[in-house]
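Enquirer: Please work out how this folds:
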Amino acid sequence: MSNEGKVALVTGGSGGLGSVHCLSLAAAGYKVAVAAHTHLDKAKDVVDRIKSMGKQAMALKLDVSSIDEVESSVKEVGKTLGPVDVLVNNAASGIVRAVTISRMAVQDWAHDLSVNLTGPFNTIRCCLPGMMERGWGRIINISSIAGTMGGAGQCSYAATKAGLIGLTKTVAMEAARKGVTCNAVVLGIVDGGAFHTVAPEFQERIVKSMAMRRAGSPQEISNVVVFLASEESSYITGEAIEVSGGAGLFVF
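Expert: You can find the predicted model right below:
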């Protein structure tokens, strides 16, 4: 089945990984709505790159933690590109925290939950009914091995990414007989973004703990996202697919 004419909404689409998702989906034939909370200029740059490929795209300013903004944005996408067929929940709190539970500020905990977990709930709540009514849809939630393995000093991030996997499985069960799949991509270390804010000696320790002894590239992640967005993935749903270079393997 051709991807031409299908519409993908990518939250956090202006960032390093999000922009690669947008470009990869466009290259695969999708019309792409590039959503960004603060960096609308970067979202517009991604849209320009997509249009230079001869594809359709639009930029959106979107705070996923606001259900009102999500509802209006999904309607705007519908009017401009068409109803959302593929939803990629990539947006996450851009703040890198490294604090123990006893020192975690309650307001920081609440903020991370509002973006990382309530945000995907909001977008799914707005997009899923239309997908089910049309009998086709793909929802792809970007999780992390912090959600499956935990992470010292990462209580809010780990909790939200674990919650996202539970949300994924629930949505998959509710939508399975309506032609809609929902899967989570569980990331390991990606070469870019937050990983580059870590001190070099810790980067080296992290990489040595990976079976492949390297960080993954954004494109390697996006390749999986594009597959899960396609018709070829039609019998995969409710899965937490780890793309981590063997982070969970016994390494020696």
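Enquirer: What is the least confident helix or strand in the protein?
Expert: helix 200-208 (a mean of 80; mean pLDDT, DSSP states H and E).
Enquirer: Name the next helix or strand following that one along the chain.
Expert: Going down the chain from helix 200-208, the next helix or strand is helix 218-229, by DSSP states H and E.
Enquirer: Give the buried residues for the least confident helix or strand of the chain.
Expert: By neighbour count on 16 or more other Cβ atoms under 10 Å, the buried set for helix 200-208 is 203, 207. C-beta here means a position set from N, CA and C on the backbone, and glycine is covered the same way.
Enquirer: Could you list the low-pLDDT ranges of the stretch 151-252 of the chain?
Expert: Confidence mapping of the stretch 151-252 of the chain against pLDDT under 70 gives the ranges 193-198.
Enquirer: Check which residues of stretch 74-85 are buried.
Expert: Along stretch 74-85, these residues count as buried under the neighbour rule (16+ other Cβ under 10 Å): 74, 77, 81, 83-85.
Enquirer: Could you do stretch 161-177 as well?
Expert: In stretch 161-177, the ones that count as buried by 16+ other Cβ under 10 Å are 161-165, 167-169, 171-172, 175.
Enquirer: One more: stretch 210-229?
Expert: Buried residues in stretch 210-229, counted by 16+ other Cβ under 10 Å: 210, 215-216, 218, 221-222, 224-226, 228-229.
Enquirer: Confirm that residue 35 sits in a strand.
Expert: Yes. With the criterion set as DSSP: H, G, I helix; E, B strand; the rest coil, the secondary structure at residue 35 is a strand.
Enquirer: Any idea what it is bridged to?
Expert: Here residue 35 shows beta-bridge partners residue 60, assigned using DSSP bridges.
Enquirer: what sits against it?
Expert: The contact partners of residue 35, by Cβ atoms under 8 Å, 6 or more residues apart in numbering, come to 9-13, 43, 59-62, 64, 73, 91.
Enquirer: Return the distance of it relative to residue 245.
Expert: Plainly put, residue 35 is 28 Å away from residue 245 if you go by Cβ to Cβ, to the nearest Å.
Enquirer: ok, now residue 100?
Expert: Taking Cβ to Cβ as the measure, residue 100 falls 28 Å from residue 245.
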